[in-house]
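Chemist: output the structure for:
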Amino acid sequence: MEINKQLAQEFSLKPWQIDNTVELIDGGNTIPFIARYRKEATGSLDDQLLRQLYDRLNYLRNLQEQKEKVITSVTEQDKMTEALKASIENAQTLTELEDLYRPFRPKRKTRASEARNKGLQPLADAIYAQKKNAPLPAVLAQDYLTEEVPDVAAALQGARDIIAETVSDDPQGRKLLRYMLREHGILVVKGAKEELGVYEMYADYREPLRTMARHRTLAINRGEKEGFLKVAVEYDKAIAINLLCDRHCKNASPAAEEVRSAVEDAYTRLLFPSLERELRNELTDSACEKSIQVFSENTRQLLMQPPVKNRVTIGLDPGYRTGCKVAVVDGTGKVLDTGVIYPAPPHKKIDEAKKIIKRLVKTYGVQLFAIGNGTASHETEVFAAEVIRELDCGISYMVVSEAGASVYSASKLAAEEFPEYDVSLRSAVSIARRLQDPLAELVKIDPKAIGVGQYQHDMPQKELKAALDGVVEDCVNAVGVDLNTASPQLLARVAGVSSAIAGNIVKFREEVGFFTSRKQLLKVAKLGPKAYEQCAGFLRVAESDNVLDNTAVHPESYPAAGELLRLCHVSDNDVRRGKIIKLQQTVNTEGTAALAAKLGIGEPTLQDIISELSKPGRDPRDELPQPMLRTDVMSLEDLKAGMELKGTVRNVIDFGAFVDVGVHQDGLVHISQITNKFIKHPSDVLKVGDIVTVWVLSVDTAKKRISLTMKNPNK
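Modeler: Okay, here's the model as predicted:
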């Protein structure tokens, strides 16, 4: 319960919220289920906060477990004291706990352990005591000469080694030095400028540790890993040694001089290298944690982009030598036709390509072109714009990120889905579907391959995967999934549905036919009552006779929802036709509190039921701004300083945002050019998918760089 109290304080929540949430988590409930269907218990905590709470709960439980192990270990060594036990129990972090345990942790062979084995611990203790009237260290050392310790110098060296390790293991000394290095240490980077390439700015670079931006930390780490950069931490050695001497040197006696010598050795050989590694790891961990948060939020926004529904679409996967792969898919994503055209160099069979595309447009009633943004994308975009102009029948196009498309096309999953198509044609299908329904298509791809972030391959992959998987799960469950059309990959992201259960759902569809009610889920192999409880509310059955099966109303709330409709004299057909004026009138008259009490449910659940009955089968993404479609194309050369453009935010990073303005090359809006107000991070203002107005600051055609601003230069 102490952990629960700490969580309540840290998250500024009421104790009952934490107690209930922890109980639900321990009961095996998924985060999406808790967020959506246990609002009364948690006080309506959202999925993102619940995940933060879940992660912190695990950290604190791990910390408590480690404390118990440390107490057991020190007690077994017969070295436990009341003060030490209190310090261990009060430790707030694993680092603090590690500092306390360091003196007692079994060590590998060290210079100090060798000295102890030679019987020099009492000599070290006598010297470290620094008693004013004690004999000189050299005199004390005479009593410890053996075959292994042949002379006084060897004895004193061994004693200093023991003292040095004691100084290095002192928790308070480490804590003080860690703070000083963190606040006043300098990260120093060196490299041969002529060999650095993208790391040129770090050829001779210095920056305080406390101001290091995370993108610089990760860039420097990569440069060091690739062998271009040498990196070290600098701190004033004299200050550090004086700080340590203030703790360990007691007077000006000869013994104190021996201790000072040991302190210098401890700092140079043990403490500083250890703290340097620790602080660099801390920098990296912090950079990775924050970058994972940005990556997660970008992924969330990308997955939640509004779908372009029920539009026959041609997917174009551009290429030079191998041609542009073409796939026509209907409004549900079903493949109608495929082919290859050669509108770009070296073939430039433009007239032939136009004939093929025009035939496909007329045959299938194509309404949209989705163009991949990879190799030969610009040439394909120019070609598509010409075809659209010549057809003049209302077609528009959009350039779609094909990040991860090649990974998906070559995967076992794609081969199972499209065994009749080769890898390149699968990519064209994927590109078309990404425009039609980004979420349904992108769940088939490893989230880190989606390409909205920085240095994702340099981050701890386990933590990155967990964070992104959580984002995908939250997005899928927020939107809901059509039980009769969803792919196994989409189904496997539904709360409570494993990959095996997802496969069994698809198998059930194939063998029995479409689901006609949610209750049929209980007939699916391995889908028991607990899994049903977790997943049912997120799965939609549009074909069901029960209108509630096509909403996010959970089956456990069906009796309450049915009673609500009866009280309001509203039928299922009224709900289907959107004729729920009586429902809204009843709610307005009685009030949600009184109505919830009458129905025996909480107000949050009642409000959710009312919202769902207002728009059965609704897709929350439909309420967001629609993607920007184009009919004409510009080139980099068309851009001029001061030009006003509309664009789509493609990626938000630490130092700005990349915006697609329709010239194949995304432009950068630096953080300083986003707004006139101070912002800590671009994500405070922008998110992936936003449609923004920008002005061109400069264009470097040689380096293909576009600098943009969101500050209106005319104001």
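Chemist: pLDDT score assigned to Glu195?
Modeler: Glu195 carries a pLDDT value of 79.
Chemist: tell me, how many neighbours does the nearest residue to it once chain neighbours are set aside end up with?
Modeler: Residue nearest to Glu195 in three dimensions, not counting chain neighbours: Phe228, with 6.7 Å by CB to CB, 6 or more residues apart in numbering. Quick note: C-beta positions are derived from backbone N, CA and C, even for glycine. Other residues lying near Phe228 total 20 when counted by other CB atoms under 10 Å.
Chemist: who are the packing partners of the longest helix along the chain?
Modeler: Longest among the helix segments of the chain by residue count, using DSSP state H, is helix 272-303. Contact here means 3 or more CB pairs under 8 Å, 6 or more residues apart in numbering; DSSP states H and E; on that basis helix 272-303 packs against helix 171-184, helix 214-225, strand 230-234, helix 438-442, helix 461-479, strand 644-653.
Chemist: which SSE is immediately downstream of that helix?
Modeler: Next along the chain after helix 272-303, taking DSSP states H and E as the criterion, comes strand 313-317.
Chemist: which strands border that next one, and is each parallel or antiparallel?
Modeler: The strands beside strand 313-317 in its sheet (DSSP bridges) come out as strand 324-329 (antiparallel), strand 368-372 (parallel).
Chemist: circling back: which stretch among the helices and strands packed on helix 272-303 is buried most, on average?
Modeler: With neighbours defined as mean count of other CB atoms under 10 Å, these peak in mean count at helix 438-442, which reaches a mean of 24.
Chemist: elements contacting that helix?
Modeler: Helices and strands in packing contact with helix 438-442 are listed as helix 272-303, helix 423-436, helix 461-479; criterion 3+ CB pairs under 8 Å, 6+ apart.
Chemist: between those helices, which one is nearest to Lys523?
Modeler: Using CB to CB as the criterion, the shortest distance between Lys523 and the helices and strands packed on helix 438-442 is 22.4 Å, found for helix 461-479.
Chemist: ok, Asp446 touching Ala405?
Modeler: No - Asp446 is not in contact with Ala405 according to CB atoms under 8 Å; the separation is 11.9 Å.
Chemist: between those two, which has more neighbouring residues?
Modeler: Neighbours per residue, other CB under 10 Å: of Asp446 and Ala405, the larger number sits with Ala405, 27 against 13.
Chemist: wait, what's in contact with that one?
Modeler: By CB atoms under 8 Å, 6 or more residues apart in numbering, the contact list for Ala405 reads Asp317, Gly372, Ser427, Ser430, Ile431, Arg434, Ile445.
Chemist: and the last one, helix, strand or coil?
Modeler: Classification of Ile445 by DSSP: H, G, I helix; E, B strand; the rest coil places it in coil.
Chemist: what sits closest to Leu49 if chain neighbours are left out?
Modeler: Closest residue to Leu49 apart from its sequence neighbours, by CB to CB, 6+ apart: Phe11 at 7.4 Å.
Chemist: ok, now which ones touch the one you found?
Modeler: So Phe11 contacts Ile18, Leu49, Gln52, Leu53, Arg56 (CB under 8 Å, 6+ apart).
Chemist: just the buried ones from the contacts of Ala405?
Modeler: When the contacts of Ala405 are checked for burial by 16 or more other CB atoms under 10 Å, the buried set is Asp317, Gly372, Ser427, Ser430, Ile431, Arg434, Ile445.
Chemist: make CSV from those residues and add distance to Ile609 to it.
Modeler: Conversion of these to CSV gives the following (distance: CB to CB, whole Å):
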residue, distance to Ile609
Asp317, 44
Gly372, 42
Ser427, 43
Ser430, 37
Ile431, 39
Arg434, 34
Ile445, 35
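Chemist: distance to Asn62 and pLDDT added to these, as a markdown table?
Modeler: Written out in a markdown table, the entries for those read as follows (distance: CB to CB, whole Å; pLDDT from 0 to 100):
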| residue | distance to Asn62 | pLDDT |
| --- | --- | --- |
| Asp317 | 46 | 93 |
| Gly372 | 44 | 90 |
| Ser427 | 43 | 91 |
| Ser430 | 40 | 92 |
| Ile431 | 43 | 93 |
| Arg434 | 39 | 92 |
| Ile445 | 32 | 86 |
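Chemist: with the residues you listed in mind, which one is nearest to Lys85?
Modeler: Set against Lys85, the nearest of these by CB to CB is Ile445 (50.9 Å).
Chemist: need phi/psi at that closest one.
Modeler: phi -110, psi 140 (degrees, to the nearest 10).
Chemist: doesn't Gly404 make contact with it?
Modeler: Yes - with contact defined as CB under 8 Å, Ile445 counts as touching Gly404 (4.1 Å).
Chemist: the contacts of Ala405: which two are farthest apart?
Modeler: When CB to CB is used, the two most widely separated members of the contacts of Ala405 are Asp317 and Ile445, lying 15.0 Å apart.
Chemist: wait, which of the strands paired with strand 313-317 is closest to Leu686?
Modeler: Of all those, the one in closest proximity to Leu686, counting by CB to CB, is strand 368-372 (23.8 Å).
Chemist: can you mark which positions in the following helix or strand past the closest one are buried?
Modeler: Note on strand 368-372: by DSSP H and E, the next helix or strand toward the C-terminus is helix 377-391. For helix 377-391, burial by neighbour count (16+ other CB under 10 Å) applies to Ser377, His378, Glu379, Thr380, Glu381, Val382, Phe383, Ala384, Ala385, Val387, Ile388.
Chemist: got the contact list for helix 377-391?
Modeler: The set of residues that contact helix 377-391 without belonging to it, under CB under 8 Å, 6+ apart, is 316, 318, 324, 343-345, 350, 353-354, 357-358, 361, 369, 371-372, 395-397, 399, 630-633, 635, 663-664.
Chemist: what residues are up against the closest residue to Lys230 other than its chain neighbours?
Modeler: Distances taken as CB to CB, 6+ apart place Lys190 nearest to Lys230, at 4.8 Å, with adjacent residues excluded. Taking CB under 8 Å, 6+ apart as the criterion, Lys190 is in contact with Ala203, Asp204, Tyr205, Leu229, Lys230, Val231.
Chemist: could you redo the last one with a cut-off of 7 Å?
Modeler: The neighbourhood of Lys190, defined by CB atoms under 7 Å, 6 or more residues apart in numbering, consists of Asp204, Leu229, Lys230.
Chemist: partners of Ile653 in the sheet?
Modeler: On the basis of DSSP bridges, Ile653 takes part in beta bridges with Gly656.
Chemist: what's the spacing between it and Gln305?
Modeler: Here Ile653 is placed at a distance of 18 Å from Gln305 (CB to CB, to the nearest Å).
Chemist: Arg247 now?
Modeler: With distances defined as CB to CB, the gap from Arg247 to Gln305 amounts to 58 Å.
Chemist: over to Gly647?
Modeler: When distances are taken as CB to CB, Gly647 and Gln305 turn out to be 15 Å apart.
Chemist: what secondary structure does the closest residue to Lys579 other than its chain neighbours sit in?
Modeler: Setting aside the residues directly before and after it, Lys579 is nearest to Val570 in space (CB to CB, 6+ apart), at 7.7 Å. Look at Val570: counting by three-state DSSP, its state is coil.
Chemist: now Val570: how far from Asn281?
Modeler: As defined by CB to CB, Val570 lies at a distance of 61 Å from Asn281.
Chemist: then Arg51?
Modeler: The span separating Arg51 from Asn281 equals 24 Å under the rule CB to CB.
Chemist: and those two? which has more neighbours close in?
Modeler: With other CB under 10 Å as the criterion, Arg51 and Asn281 differ in neighbour count, and Arg51 comes out ahead with 19 against 10.
Chemist: thinking again about what came up before, closest one of the contacts of Ala405 to Asp125?
Modeler: When those are compared for distance to Asp125 (CB to CB), Ile445 wins out at 62.7 Å.
Chemist: contacting residues for the closest one?
Modeler: With contacts defined as CB under 7 Å, 6+ apart, the neighbours of Ile445 are Gly404, Val407, Tyr408.
Chemist: only whichever of these are buried, select them in PyMOL.
Modeler: Paste this into PyMOL to select the buried members of the contacts of Ile445, with burial taken from 16+ other CB under 10 Å:
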select buried, resi 404+408
